[in-house]
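In: build me a model from this:
(4 chains)
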Number of protein chains: 2
Amino acid sequence: MHSPELLKGTLQTIVLKVLKDHGKMYGYEITQRVKELSDGHILLTEGALYPALHKLEAEGLLSTETVSIGKRIRKYYALTSPGKVQAKERVAEFVDFIQTMGSVLQVKLN
Amino acid sequence: MHSPELLKGTLQTIVLKVLKDHGKMYGYEITQRVKELSDGHILLTEGALYPALHKLEAEGLLSTETVSIGKRIRKYYALTSPGKVQAKERVAEFVDFIQTMGSVLQVKLN
DNA sequence: GATCAATACATAAGTGATTTATGCATTAGA
DNA sequence: TCTAATGCATAAATCACTTATGTATTGATC
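Out: Numbering: from 1, shown residues only, chains lettered A, B, ... in the order given. Now for the predicted structure:
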C-alpha cells in the first residue's frame, strides 16, 4: 500500500462508485472488493469506512437493509437515486482532478 | 477550483515537481506557476505553502537563498540532491496511485 | 496623493477526514 | 483450542490544510 496521504478525500468516491458497479454490498464486502480491485494497494480501514457509510446514508445517498446470516449480521448498502447522481459526479470530479494534476506535474496518464 | 479534498497530500509533490521543472523559485512565484499550469484550478494558499516549504527545507530536500528586490524580500527555494530524488519518487508514487484508482473506479485516464 | 490590488513573507487557531485503538460477537480452519 | 477471518461499531488522537490575521512594499487608478 502506497502513501495513504493521497487517498485522503477519495473514500466517498470509491464507496459510491463501487456500489454503483456492484449493486448492494455490505461494509466488509466493500473492503474486500476494493482490496481486490486495487491489487492489495488500497486497504480501507473500518474506522474510516463505517463512519463514511453512516454519513452517506444520513445524507440520503445510500439506503440500508440489514440481513441475518445465521447469527451474524450484515448491513447492506445500496445507492439511492441521488446517490447514483453523486457517484457519477464524484467520479467525474476525480477524473478532472487527475487531468489537472497531470498538467501541473507534467506527466502522461495512460 | 474543484473540491479541495482531493488535493490533500499532493502539496509536497506539486512543490517538489514544480521546483524540479523550473529551477529555483520563491513562494509567491510557486503559487502563480501552479495557478497557471492548472489553468486556475489549483490555488495554493499561503497558509499551506509556507509551512510546507519550511518543512521540506528542514528535511533537507530544499535549500534557500534570500534575495532583496529593492526593499522587498524574496526567499528562493531550490531542490537539494536528496530533494531531486524525492521529487522523482513522489511523482512516481502519484502516477502509481492514479493507476490504482483507475482500476478501482474503472475509469480510463488519457 | 489616496486608495485598492498585487506582491511577498509569516504564524496561529480551527477544522475535519482519516488513523489508531478498542470493543463485541460469530464462524472457519489448523 | 486457539488463531484468523468475518462483521459491526465508536472514540480519541493525528495531521495536513483552511481560515484568519499580521506586516510591509510596489504599482495602478481616480
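In: does A:V67 sit in a helix, a strand or a coil?
Out: strand (DSSP: H, G, I helix; E, B strand; the rest coil).
In: quick one, what contacts it?
Out: Contacts of A:V67 were listed using Cβ atoms under 8 Å, 6 or more residues apart in numbering or on different chains, and they are A:I73, A:R74, A:K75, A:Y76. Bear in mind the C-beta positions are built from the backbone N, C-alpha and C, glycine included.
In: can you flag which of those residues belong to helices?
Out: Members of the contacts of A:V67 lying in helices (criterion: DSSP state H): none.
In: from those residues, which are also near DNA strand D?
Out: Filtering the contacts of A:V67 for neighbours of DNA strand D using Cβ under 7 Å from any atom of the strand leaves A:I73, A:R74, A:K75.
In: not counting sequence-adjacent ones, nearest residue to the last one?
Out: With sequence-adjacent residues excluded and distances taken as Cβ to Cβ, 6 or more residues apart in numbering or on different chains, A:K75 is closest to A:T66, at 5.1 Å.
In: number of residues surrounding that neighbour?
Out: Neighbourhood size, A:T66 [other Cβ atoms under 10 Å in any protein chain shown]: 9.
In: surely it touches A:R72?
Out: No: assessed by Cβ atoms under 8 Å, A:T66 is found out of contact with A:R72, at 11.3 Å.
In: interface residues of chain A facing chain B?
Out: Counting by Cβ under 8 Å from any Cβ of the partner chain, the positions of chain A adjacent to chain B are A:2-3, A:5-10, A:13-14, A:17-18, A:21, A:34, A:37-39, A:41-42, A:91, A:93-98, A:100-107, A:109-110.
In: alpha carbons only: can I get stretch A:37-46 in CSV?
Out: In CSV, the C-alpha atoms belonging to stretch A:37-46 read as follows (Å, rounded to 0.1, in the frame of the first residue of the first chain):
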residue,chain,number,x,y,z
LEU,A,37,-9.7,-4.1,-7.5
SER,A,38,-6.6,-2.3,-6.3
ASP,A,39,-4.5,-5.4,-6.2
GLY,A,40,-3.9,-5.0,-2.5
HIS,A,41,-2.8,-1.4,-2.7
ILE,A,42,-5.9,0.1,-1.1
LEU,A,43,-6.9,-1.3,2.2
LEU,A,44,-9.9,0.5,3.7
THR,A,45,-9.8,0.7,7.4
GLU,A,46,-13.0,0.0,9.3
